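Asker: give the three-dimensional model of this entry:
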Amino acid sequence: MEYYIDPHVCPQDHACPLVVVCPVSAISQDKNGLPVIDDEKCIKCGKCAKRCPMHAVVRR
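Answerer: Predicted coordinates:
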């Protein structure tokens, strides 16, 4: 299972706090502000899901 940031839940109007939470720098924000998880880098630790204030990180 992989983590995914639901664009319908994430407001995309702020600097995403998950970018600094990720221990392997697998999260970045695209030009529209949507945080994106790089599946190649992600170690599936779940820190992003636990720390997202909007609960926008889901497993797929």
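
Asker: if I look at the nearest residue to Pro11 once chain neighbours are set aside, how far off is Glu40?
Answerer: With sequence-adjacent residues excluded and distances taken as C-beta to C-beta, 6 or more residues apart in numbering, Pro11 is closest to Met54, at 6.5 Å. The way it works is simple: take the backbone N, C-alpha and C, and place the C-beta from them, glycine included. In this view, Met54 and Glu40 are 25 Å apart by C-beta to C-beta, to the nearest Å.

Asker: compare these two (neighbour count), which wins?
Answerer: Each of Met54 and Glu40 has its neighbours counted (other C-beta atoms under 10 Å); Met54 has more, 13 against 6.

Asker: does the more buried one touch Val9 like I think?
Answerer: Yes - in this structure Met54 lies within contact range of Val9 using C-beta atoms under 8 Å: 5.7 Å.

Asker: hang on, the earlier thing: ok, now how distant is the residue nearest to Pro11 from Ser25?
Answerer: Relative to Ser25, Met54 is positioned 21 Å away (C-beta to C-beta).

Asker: show me the strands in the chain, by range?
Answerer: Counting by DSSP state E, the chain has strands at residues 3-5, 27-29, 35-37, 57-59.

Asker: would you turn those into a markdown table with mean neighbour count and mean pLDDT?
Answerer: Output for these, formatted as a markdown table (neighbours: other C-beta atoms under 10 Å; pLDDT from 0 to 100):
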| stretch | mean neighbour count | mean pLDDT |
| --- | --- | --- |
| strand 3-5 | 20 | 96 |
| strand 27-29 | 18 | 97 |
| strand 35-37 | 18 | 97 |
| strand 57-59 | 15 | 96 |
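
Asker: and the ones you listed as CSV, adding distance to Val20?
Answerer: CSV is the format used below for the strands of the chain (distance: least, C-beta to C-beta, whole Å):
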stretch, distance to Val20
strand 3-5, 15
strand 27-29, 9
strand 35-37, 11
strand 57-59, 15
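
Asker: which one of the ones you listed lies nearest to Lys44?
Answerer: Proximity to Lys44, assessed across the strands of the chain by C-beta to C-beta, is greatest for strand 3-5 (6.8 Å).
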